[in-house]
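Visitor: turn this into a model:
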Amino acid sequence: MPHVNACFLYADCYCASSFESIILSHLEYILQIDEYSVISMALTLKEENLDAPEKRQKCTVSVVGCGRVGLATACLFAEAGFRVIGADANSRVVALLKKGKAPLSEIGLEELLKKHMKNGSFTATRDIKEAASTSEVIVLVVPTQIDQKKKPDYNHIERPAKEIGKGLHAGSLVIVASTTGLGIADTAVRETLEKASGLKAGIDFGLACSPTRSAPGRTLKDIITHSRVVGAINKRSLEVASLVLKAIVEGGIVKVRDMKTAEAIELFEKAHRDVNLALANDFARFCEKTGIDYLEVRKAANTQPYCHLSSPGMGNGYYSKDSYLLLEEAENANAKLGMLLTARKTNDAMPSHTLRLTREALRSCGKPLRRARISVFGVSPWPNVKESHGSSTKKLVSMLKKKGAFVQVYDPFFSPKELMELGYPTKSSLTKTVEGTDCIIIAAGHDRFRRLNLGRINVFVKNPAAIVDMGHVIDPARAERAKFVYRGLGRGAWAE
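Guide: Below you'll find the predicted structure:
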């Protein structure tokens, strides 16, 4: 289709607005589309094509990767009026989607999924190539993996990008919504798409980068309300990507100069949180040594307008992936990010600190860690969500076992079968989990743990028993009244 390639040469000459107008008009004539048609040529989209749900129905959006963020993104596009294809290589995920069931727990997500599966605006498939070939816009939302050496592994992104490329047609727009290292969208992803499709980014198809900023448990709300950063390979890709994302984002679109800048913004934000968490964890450990209650300090300090101390915790693995992406880029650029590197070491050490608190608590009970029975509560990196990715609980359990402890794990958001599938030793109920235990470790600050009946639990444990509260959900005085030895992250006032 040489005439199509020629028509998209304007992408590199966008400063000539009159020329662009002429070429777009000519392209619309060739394809015989009227001002309301969308068909396959995403790069011809204008604001009037997407300013109402009934107009968006003429545009198909494929979301590749139906995890927590991808599925939420897909459902929001369907809610905005687009025809949506959810594509995922995982057959279990696709099977659940076809039944209207979300493969994960997220507020409001399954309701939206059922609604749009029922009305036909959302379909699911394992065939990424087919999804891309029938879509004007393809959104790639596949997480970057970190290997055992803490180096990024982009195979999980390049494989679906290759399948997208096989089905990609001229005039389509690809939006990379994954969090990646600097320049990955414009190198690894772009090159994979071009090689698989035989098309050129910025000439034959559009390419943009817009990492999704959201937290587990509030993904839908965050995508809607947070501003969305968008960078692109050229001006036309930027404008169309911004128009498409504007349909699901109320917090505003922030356009930046290129895709690398968009990638950097996401990584810098996560690094900022990681450093703040490390400072909070350092303060918490300091408070334990000096007989101070960090929670009291934090509450009082945060009444000041220029202070915002973070909450400490061991569920920090959620930030580690993105920090390691940035640290890898710093190493490649021969640049130093000493503060972030130190923060990552501090946060990575929190399971070891939890182990030390557990040993101290057991010592106060007159018991050694070796052969102690430990009940670990919570496998989520965030309170009150069903999420296992990014949790530090797996590392903690492994460390406890290596020290000779017998471990059982409980989380109210996961069934015993699900916990076993995740590799955790578990029992059939909370009562069975605490039966004969020497120490309970609260690894995740779920609100349900605040309502634990400590008096009743004390009947089942092997007294004297301890509670190590890393989630700040147990009142120390209440624990002591129930005859538990209490230790808590940053709770130095109860460390005697």
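Visitor: only C-alpha atoms from now on, for both contacts and neighbour counts.
Guide: Will do.
Visitor: phi, psi for the nearest residue to Ala301 once chain neighbours are set aside please.
Guide: Closest residue to Ala301 apart from its sequence neighbours, by Cα to Cα, 6 or more residues apart in numbering: Cys307 at 6.5 Å. Backbone dihedrals for Cys307, given as degrees, to the nearest 10, come out at phi -130, psi 130.
Visitor: again, but for Val407
Guide: According to degrees, to the nearest 10, Val407 has phi -120, psi 140.
Visitor: any idea how far the closest residue in space to it that isn't next to it in sequence lies from Gln408?
Guide: Spatial nearest neighbour of Val407, excluding adjacent residues (Cα to Cα, 6+ apart): Ile374 at 4.8 Å. Relative to Gln408, Ile374 is positioned 6 Å away (criterion: Cα to Cα, to the nearest Å).
Visitor: more neighbours: which of these two?
Guide: Neighbours were counted for Ile374 and for Gln408 using other Cα atoms under 10 Å; Ile374 has more, 27 against 20.
Visitor: tell me the SS of that one?
Guide: Classification of Ile374 by DSSP: H, G, I helix; E, B strand; the rest coil places it in strand.
Visitor: isn't it right up against Cys439?
Guide: Yes: under the criterion of Cα atoms under 8 Å, Ile374 makes contact with Cys439 at 5.0 Å.
Visitor: circling back to that earlier point, Ala300 versus the residue nearest to Ala301, what's the distance?
Guide: From Cys307 to Ala300 the distance is 10 Å (Cα to Cα).
Visitor: now Lys58
Guide: Lys58 is 54 Å from Ala300, by Cα to Cα.
Visitor: more neighbours, these two?
Guide: More neighbours surround Lys58 than the other of Lys58 and Ala300, with 18 against 12 (other Cα under 10 Å).
Visitor: next, give phi and psi for the more buried one.
Guide: According to degrees, to the nearest 10, Lys58 has phi -80, psi 0.
Visitor: correct me if wrong: it contacts Arg83.
Guide: Yes: Lys58 lies in contact with Arg83 (Cα under 8 Å); the separation is 7.4 Å.
Visitor: next SSE after the host helix or strand of Leu220?
Guide: Assigning secondary structure by DSSP states H and E places Leu220 in helix 219-225. Next helix or strand after helix 219-225 toward the C-terminus (DSSP H and E): strand 228-232.
Visitor: show me the strands in the stretch 1-150 of the chain, by range?
Guide: Under the criterion DSSP state E, counting those that start in this stretch, the stretch 1-150 of the chain contains strands at 60-64, 83-87, 122-125, 137-140, 145-146.
Visitor: can you put these in TSV and add mean neighbour count?
Guide: Output for the strands of the stretch 1-150 of the chain, formatted as TSV (neighbours: other Cα atoms under 10 Å):
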stretch	mean neighbour count
strand 60-64	29
strand 83-87	27
strand 122-125	24
strand 137-140	27
strand 145-146	17
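Visitor: ok so, going back, looking at the residue nearest to Val407 now. What's its pLDDT?
Guide: Turning to Ile374, the model gives it a pLDDT of 98.
Visitor: same deal with the one 4 residues further on?
Guide: We note a pLDDT of 94 for Gly378 in this prediction.
Visitor: how many neighbours does it have?
Guide: 28.
Visitor: got the contact list for it?
Guide: Gly378 makes contact with 393, 409-412, 442-446, according to Cα atoms under 8 Å, 6 or more residues apart in numbering.
Visitor: got any ranges where the stretch 251-400 of the chain has weak pLDDT?
Guide: Where the stretch 251-400 of the chain drops to pLDDT under 70, the residues are 315-319.
Visitor: could you pull out the helices for it?
Guide: Taking DSSP state H, counting those that start in this stretch, the helices of the stretch 251-400 of the chain run over residues 259-290, 294-301, 317-332, 338-348, 350-364, 393-402.
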